[in-house]
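**Student:** generate a structure from the sequence data that follows.
(2 chains)
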Amino acid sequence: MSNPPSPALDRNGLIAVRRSTHSAIYTLVGALILVVLLTAAPWIVPAEVATTLMNFFILVIMATMWNLLAGYAGMVSIGQQAFVGLGAYATLYLALKGMNPFVTIPLAAVACAVIAYPVTYLLFRLRGGYFSIATWVIADTAMLIIGTIAVLGGGTGRSMPGLQNLSPSQTAHYSYLATWVVALVVVTGTYYLLRSRLGLVLASIRDNEVAARSAGVHVRSARRIVFIIAAAGCGAAGAVLAISQPFIQPTNEFNMQWAAEMLFVSMIGGLGTIEGPIIGSIIFFILQQTLQQEGVWYLIIFGTIAVAIALWQPRGLWGAFRDRFHTELLPVGYWVGETKVKRKIRGGQT
Amino acid sequence: MIWLNVIVQGVLLGGFYALFACGLSLMFGVLKVINLAHGDMAVVAAYVAVFLTPHLHIPGVWSFLVVVPLFGLIGYVVQRTLIQKSIDRDPFTTLLVTFGLSVVIENLLLEAYTANGQTVNIGSLIAKSWHPASIIYISYVSLAVLAAAVLVLVLLQLFLSYTGTGRLIRAVADDREAAQLSGANYRHIFGIAAAIAFATVALAGIAYGMMTQFAPTSGGINLLFAFEAVVIGGIGSLWGTLVGGVALGVAQQFGAHLNPQYQVLAGNLLFLVVLAVRPQGLFGKKTALS
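**Tutor:** This next block holds a predicted model:
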C-alpha cells in the first residue's frame, strides 16, 4: 500500500524527501497477507468468529470516518448515527423496491452524501460544543422522521427483503465479504485521501487551524468535503449493518451507542492517525469479548479508559507509540533526511 | 380553547426546559465549554433524590434542599479536577471527556438501578391541579417548576449584576486573560460557575423526577431540549433561554396535539428553522456562531 522509497533530491542533492520508511514496506507485505487471509476467512474460521469480524469491520469503518471528522477536521460529531441509520434505511427502501441488497450499498453511501450536503449549511452555523449537540439533533430528527414512515416499518421496524432466496450460509458469506470490501475501500480510500492535496490541507487544519487559515487554506470547504465523505462512509456502514443484522428498527440503527463507540475507539487508538481507529477497534473487541457476560461493563470500562487517554495521552495509544519509536505503518507525511552524498561529505570532513 | 390549553401546557413545559438549560448557558458563557454530561448530572440528582434522601428521612418534596447544595459542591470539585484539566488541553478535549463521562454515567446507572422508570415521590401533590377554565388544568408541580425557573433566573441575574463574585464571573467570561492580569483567580471563578450550573441542573433533575418518570438514559434527550432552548432563545442570553424554552415547549405541545409521535419532532424542526433563518437566536449575540 505504499510507494517504494523514491527520494526526491534538492538542487544540491543534499536533502532527500521520502514518503515511506522501511516499516511501511513491511506493512505492505503484511497487509497483502492480511487481505488474502481476511478474504478467505468465512471459509476458514467458525461462523461466530466471522460474525465478530464483521462487527469489527463495521466499527472500523465508522471509527475511521469519525477520526477523519474529529482527528483531522476538528469536528466532534456525536450524531454520526444519523448517517448509519439513513444508510440502513436507504438499503431497506431500495431492497423493498426490488433491488439486490448488496447492490444498494454504494447507493446508500451516495444517498447519505447527498443528504449531508445541505445539512452542513445548517450545522456549520454553530461551532464547538454547539456543533456537536446540533449533529445529535439532526440524528434525532432523522430517526423521528423515519419512524413516521409506515412503508419502512415505522417505529417498530421491519426485516430486510431480498435475502430470503439465499441459504443462511450464503447470506453469511456474502454479507461478510460485503462488509470486508467496504472496510477495505474505506480504509484505503482514507489513506489515499490523506496523501492527496486535501490530506495536506486537513493535516494543516489538524495541526493549527489559525495558521492554516492564514496560509490560505479554505478551512470551511475542506470541512464540508470531510463531513460529506464521513456521511457517505457511515452510510455504507449502515447499509452493511442492515444486511448483516437484517431486522431494521429506528432505535437500533440510529442508536447513540454508534457515536459512543466511534468516539471511544478513535480516542483510545489515537486521533489523527489512520492506524489509531483500527487499533482502538481491536482493543474494543477484545474487551467486549472478554466482558461479554458482564452486561454493559465493557462500555463503562472502555469509556473510562477513553476519558483517561483524552486527559493524559491525547494522541492515543498509536500516537504515543509512534512518537516513541518514530515508525509509521501507513505513512501519509514526508520524511526529510540526508542523502548518501551529504552523509559522505560530512563523513569526510570529520 | 383547545389551542389555549396547548399554549398553557407549552409554557409550563418551557419553564422546565429553561431551568434545565440555564446551567448549560452559564457554563458556556463563562467557561466557553459545553458539558455533554449536563443531562446525566440531572438524572444522577434525581436518582439521589429517590434512593438516598429517604435514608435521611427527608420527604421527596424537600429533597432538593439537600441535593442541590450537594451538587453545587460536586460541581466545584469536578470542575477543579476533571473539566479544568481538559480545558487546559483545549475545548475539543472537554467535549470528548464530558461525552465519555456521559456514557459512563448512563451505563453505571443502568447497572445500579436497571432501566426501570423511577419517580420522585411527592405523595398526592402530583395529582393536584388548578382548574381556571373548562378544559385547562394547570398542575401545581408544573407551575412550581415554572416559578422555580423564573426565580432561579432572577436570582442568577441579580447575583451576576450586583455581587462581587458575580462581577468577577462576568469579567472572566468577557476576557479571561485581562481578568487574570487584574488578579482574578479564574480557576476558582470557573469552579463557582460550575457549582451554580450543577446546582441548577440538580434542581431541574429533581423537578423532572417529580413531573414524570425517568430512567438512566433520560439525561440525553433533556440535554437536547435544553440545548434547543438555548439556541432558539439566543446563545449567551439568560432571559432568551426562558423565551427559547417556552417557544420549544409550545412547539412540542402543538406537535403532540396533532399526533403524540410529533412532539419531539416539532421541537427539532423549530430548532432547525431558527438555525436556518436566525442563527443567532431570538435574543442572541453572534458569539457562538462560526
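**Student:** which residues of the stretch 251-350 of chain A fall in helices?
**Tutor:** For the stretch 251-350 of chain A, the helices defined by DSSP state H, counting those that start in this stretch occupy A:256-269, A:275-290, A:297-312, A:316-325, A:340-349.
**Student:** can I get these in CSV with mean neighbour count?
**Tutor:** Bear in mind the C-beta positions are built from the backbone N, C-alpha and C, glycine included. Shown next, in CSV, are these (neighbours: other CB atoms under 10 Å in any protein chain shown):
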stretch, mean neighbour count
helix A:256-269, 26
helix A:275-290, 20
helix A:297-312, 20
helix A:316-325, 17
helix A:340-349, 11
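**Student:** now render the ones you listed as CSV, adding distance to residue B:75.
**Tutor:** Output for those, formatted as CSV (distance: least, CB to CB, whole Å):
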stretch, distance to residue B:75
helix A:256-269, 24
helix A:275-290, 31
helix A:297-312, 18
helix A:316-325, 29
helix A:340-349, 59
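**Student:** which of the ones you listed comes out lowest on mean pLDDT?
**Tutor:** Comparing mean pLDDT across the helices of the stretch 251-350 of chain A, the weakest is helix A:340-349, with a mean of 58.
**Student:** okay, now residue A:193: neighbour count?
**Tutor:** 19 (other CB atoms under 10 Å in any protein chain shown).
**Student:** for residue B:67, same thing?
**Tutor:** Here the number of neighbours of residue B:67 (other CB under 10 Å) works out to 26.
**Student:** helix or strand: which one has it?
**Tutor:** helix B:64-78 (DSSP states H and E).
**Student:** check whether that helix contacts chain A.
**Tutor:** No. Using CB under 8 Å from any CB of the partner chain, helix B:64-78 never reaches chain A; the gap is at least 12.1 Å.
**Student:** test my guess that residue B:5 contacts residue B:135.
**Tutor:** Yes. Contact between residue B:5 and residue B:135 holds when scored by CB atoms under 8 Å: they sit 5.7 Å apart.
**Student:** only alpha carbons, please: show stretch A:214-229 as CSV.
**Tutor:** Extracted C-alpha coordinates of stretch A:214-229, given in CSV (Å, rounded to 0.1, in the frame of the first residue of the first chain):
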residue,chain,number,x,y,z
SER,A,214,-3.7,32.5,7.3
ALA,A,215,-1.8,30.4,4.8
GLY,A,216,-4.8,30.5,2.5
VAL,A,217,-6.5,27.2,3.3
HIS,A,218,-10.2,27.1,2.8
VAL,A,219,-11.0,25.6,6.1
ARG,A,220,-14.7,25.6,5.7
SER,A,221,-14.9,24.0,2.3
ALA,A,222,-12.4,21.3,3.4
ARG,A,223,-14.6,20.6,6.4
ARG,A,224,-17.6,20.4,4.2
ILE,A,225,-16.0,17.8,2.0
VAL,A,226,-14.9,15.8,5.0
PHE,A,227,-18.3,15.9,6.5
ILE,A,228,-19.8,14.6,3.3
ILE,A,229,-17.3,11.9,2.9
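**Student:** now that stretch, how far from the centre of its chain.
**Tutor:** When C-alpha coordinates are averaged (CA atoms, centre = their mean, to the nearest Å), stretch A:214-229 and its chain have centres 18 Å apart.
**Student:** next, the buried residues of that stretch.
**Tutor:** A:217, A:219, A:222-229 (16 or more other CB atoms under 10 Å in any protein chain shown).
**Student:** compare residue B:5 and residue B:135 and say which is more crowded by neighbours.
**Tutor:** residue B:5 (17 against 9).
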